[in-house]
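Engineer: My questions are about this predicted structure, shown below with the sequence.
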Amino acid sequence: MENDDIEFKELSPGEIKEMLLGIRYIFINYPPEKLKEIIWQLYRGWVYNSAEWVQQDDIKDMLLFYDFITHLIDDLFEYSQYLNR
């Protein structure tokens, strides 16, 4: 699905507040470094358990995905801190 095909719905103030609380909630329970550690362990487990059949490109793609997720965690944490001001 291309981004041009996505239809966006308007969110109510209550839906927006619920989403923002969800972002805050995850960082209350899991600081960013802990989240990154969990994601790293998931990646390591995937590599270990798929070592017999995984292709080099799959490993590269998963590592790039890991990198993307860690940057997303940083961005969400920064946004959460902005919301808490």
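Structural biologist: That came in fine, so what should we check first?

Engineer: Outside of the helix or strand of the chain with the lowest mean pLDDT itself, list whatever touches it.
Structural biologist: Every helix and strand in the chain was compared by mean pLDDT, DSSP states H and E; the lowest is helix 13-29, with a mean of 90. Contacts to helix 13-29, defined as C-beta atoms under 8 Å, 6 or more residues apart in numbering, come from residues 11, 35, 76-77, 79-80, 83-84. Yep, even glycine has a C-beta here, placed from its N, CA and C like the rest.

Engineer: what's the farthest-apart pair in those?
Structural biologist: Leu11 and Leu35 (24.8 Å; C-beta to C-beta).

Engineer: quick revisit: save the contacts of helix 13-29 as CSV, and put in secondary structure and distance to Tyr48 too.
Structural biologist: Listed next are these as CSV, based on DSSP: H, G, I helix; E, B strand; the rest coil; distance: C-beta to C-beta, whole Å:
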residue, secondary structure, distance to Tyr48
Leu11, coil, 40
Leu35, helix, 20
Leu76, helix, 28
Phe77, helix, 28
Tyr79, helix, 33
Ser80, helix, 32
Leu83, helix, 37
Asn84, coil, 38
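
Engineer: any idea which of those residues is closest to Val47?
Structural biologist: Checking those against Val47 by C-beta to C-beta gives Leu35 as the nearest, at 19.0 Å.

Engineer: what helix or strand is the residue nearest in space to the middle of the chain on?
Structural biologist: By C-alpha atoms, centre = their mean, the chain has its centre lying nearest to Ile69, at 4.4 Å. Ile69 is part of helix 56-83 when elements are defined by DSSP states H and E.

Engineer: That's all I had, so thanks and see you.
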